[in-house]
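>>> Have a look; sequence and predicted model below, questions after that.
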Amino acid sequence: MIQNEQVQEKYLSEVAKFNELFGNWEQIKRFELLDTPWGIETGELTPTMKLKRKVIMEKYADRVEALYTK
């Protein structure tokens, strides 16, 4: 589903809409849709639904790196 062009366009339009509210340095420049949701069971969230940034950065290091090298 995340490969569907309509889905990607919808997310692009939503990001663009909210980017208007922020300065250039605060705006989202690039993003990637993931095929699996983050959750407590998969280790990306704490029981209080906070992000485990270290786990996320380790698990998705290649994708994060790709965002910065485009």
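Nice, thanks for sending it over. Values in this document were obtained by computation on a predicted structure and should not be read as measured data.
>>> Walking through this protein, point out its helices one by one.
5-19, 53-59, 61-69 (DSSP state H).
>>> Now find how far off-centre the longest one is within its chain.
Just to be clear, that refers to helix 5-19. On the basis of Cα atoms, centre = their mean, to the nearest Å, helix 5-19 sits 12 Å off its chain's mean C-alpha point.
>>> looking at the chain, which helix or strand does the model trust least?
When the helices and strands of the chain are scored by mean pLDDT, DSSP states H and E, helix 61-69 comes last with a mean of 94.
>>> what's that one in contact with?
Applying Cβ atoms under 8 Å, 6 or more residues apart in numbering, the external contacts of helix 61-69 come out as R30, F31, E32, L34, M57. For every residue, glycine as well, the C-beta is placed using N, CA and C.
>>> Apply 6 Å and report the result again.
The contact list for helix 61-69, computed with Cβ atoms under 6 Å, 6 or more residues apart in numbering, reads R30, E32.
>>> Using CSV, lay out the helices of the chain together with mean neighbour count.
Output for these, formatted as CSV (neighbours: other Cβ atoms under 10 Å):
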stretch, mean neighbour count
helix 5-19, 11
helix 53-59, 12
helix 61-69, 10
